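Undergrad: Fold the following and give me the result.
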Amino acid sequence: MSAPQPYAELLAATPVARREVALDGGVTAYWEYGPADAQTTVIAVHGFRGEHHGLEPVVAHLPGVRVISPDLPGFGETPPLAGATHDLDAYVGWLRGFAAAVAPGAVILGHSFGSIVVAAAVAGGMSAPRVILVNPIGAPALEGPRGVLTRLAIFYYWAGARLPARVGDALLRNRIIVRVMSVSMAKTKDPELRAFIHDQHDAYFSRFADRDMLRDAFVTSVSHDVSEFAERIAQPTLLIAAERDDITPIEAERRLAKRFADAELVEIPEVGHLIHYETPAVAAEAIRRFLARPDASDTR
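TA: Numbering: from 1, shown residues only. Alright, predicted model coming up:
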């Protein structure tokens, strides 16, 4: 039985349509939320092992904004990139093609692993008037407060790819391991919200295509971080960081913000790496303020 959706009423009031676009011989599934004629369009890129559902609580708190939320290649309803290693170059190439085909010139948002893909794409020249990074990976993962756990995760994904196919796949989709991860990341003490978070991870965290692309994506996620690209991003950038993030400590996020030409850092207390689930209204309010800044350019 699914846990109650705390944001169900807001989501029900948000227009949504599932769409597909052909890119480089494959098909990307994406969801379009909000009014089609909205003044502002945002492309929202989810994190590692997630899919578009994860960002819906934030989307629900952005009435009047058109949000385009794809499933990354190999996750959710988007198949892997054909014949490609799922490394950063591959994801950046996919994002640039997706944005050009669906919403050229849109504001670009990335959460967690998505923050790396977005930062790399914009630093490499992808057109975007503004950049929003939620729970940005602001420093090398092995240097974070849970560096030891990161090393264990590296072994976990390596083992999942090397073991016999059935055993390795079962290990990577193991519900107990997924639940341990979920419990470790959730900071809220609200039992209903915690139940919702665990239900979301149970439902969507294992919707990856295969163990090989998952291993490639994980290696990419721990081999790069936003700090590599910050100094090459000239656009106004909003960083929404959590004071209790176990992946990137808040001190590293403060240092990261100083590396951008024009960055605003919003710090949210009492939350960790699940801003999109635990404090979506606070994140959405910061996004609305950022999009309404008087120096806004054309964000269609």
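Undergrad: Let me see the contact set for Ala159.
TA: With contact set as CB atoms under 8 Å, 6 or more residues apart in numbering, Ala159 has these partners: Gly168, Leu171. Quick note: C-beta positions are derived from backbone N, CA and C, even for glycine.
Undergrad: let me fix that: Gln235
TA: By CB under 8 Å, 6+ apart, the contact set of Gln235 is Val122, Ala128, Pro129, Arg130, Val131, Asp262.
Undergrad: If we use 10 Å, what do you get?
TA: 107-108, 122, 127-131, 260-263, 297 (CB atoms under 10 Å, 6 or more residues apart in numbering).
Undergrad: And it, how close does it get to Phe155?
TA: 38 Å (CB to CB, to the nearest Å).
Undergrad: where along this protein do the strands fall?
TA: For the chain, applying DSSP state E gives strands covering 16-23, 26-33, 41-45, 66-70, 107-111, 131-134, 237-242, 263-268.
Undergrad: got the CA coordinates for the first one in CSV?
TA: Once non-C-alpha atoms are left out, strand 16-23 reads as follows in CSV (Å, rounded to 0.1, in the frame of the first residue of the first chain):
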residue,chain,number,x,y,z
VAL,A,16,0.7,17.6,-17.0
ALA,A,17,1.2,15.8,-20.2
ARG,A,18,3.6,12.9,-21.1
ARG,A,19,5.6,13.4,-24.3
GLU,A,20,8.4,11.8,-26.2
VAL,A,21,11.1,13.2,-28.5
ALA,A,22,13.5,11.3,-30.8
LEU,A,23,17.1,12.1,-30.2
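Undergrad: my read: Val178 touches His201, true?
TA: Yes - using CB atoms under 10 Å, Val178 is in contact with His201, at 5.6 Å.
Undergrad: what do these two both touch?
TA: What both Val178 and His201 touch, as defined by CB under 10 Å, 6+ apart, is the set Arg49.
Undergrad: quick one, which of these two is more surrounded?
TA: Under the criterion of other CB atoms under 10 Å, the comparison of Val178 against His201 puts His201 first, with 23 against 18.
Undergrad: lowest-confidence helix or strand of this structure?
TA: Least confident helix or strand of the chain, by mean pLDDT, DSSP states H and E, is helix 147-162 with a mean of 82.
Undergrad: so where is the stretch 201-300 of the chain shaky, pLDDT-wise?
TA: Under the criterion pLDDT under 70, the flagged ranges of the stretch 201-300 of the chain are 295-300.
Undergrad: switch the cut-off to 50
TA: Judged against pLDDT under 50, the low-scoring parts of the stretch 201-300 of the chain cover residues 296-300.
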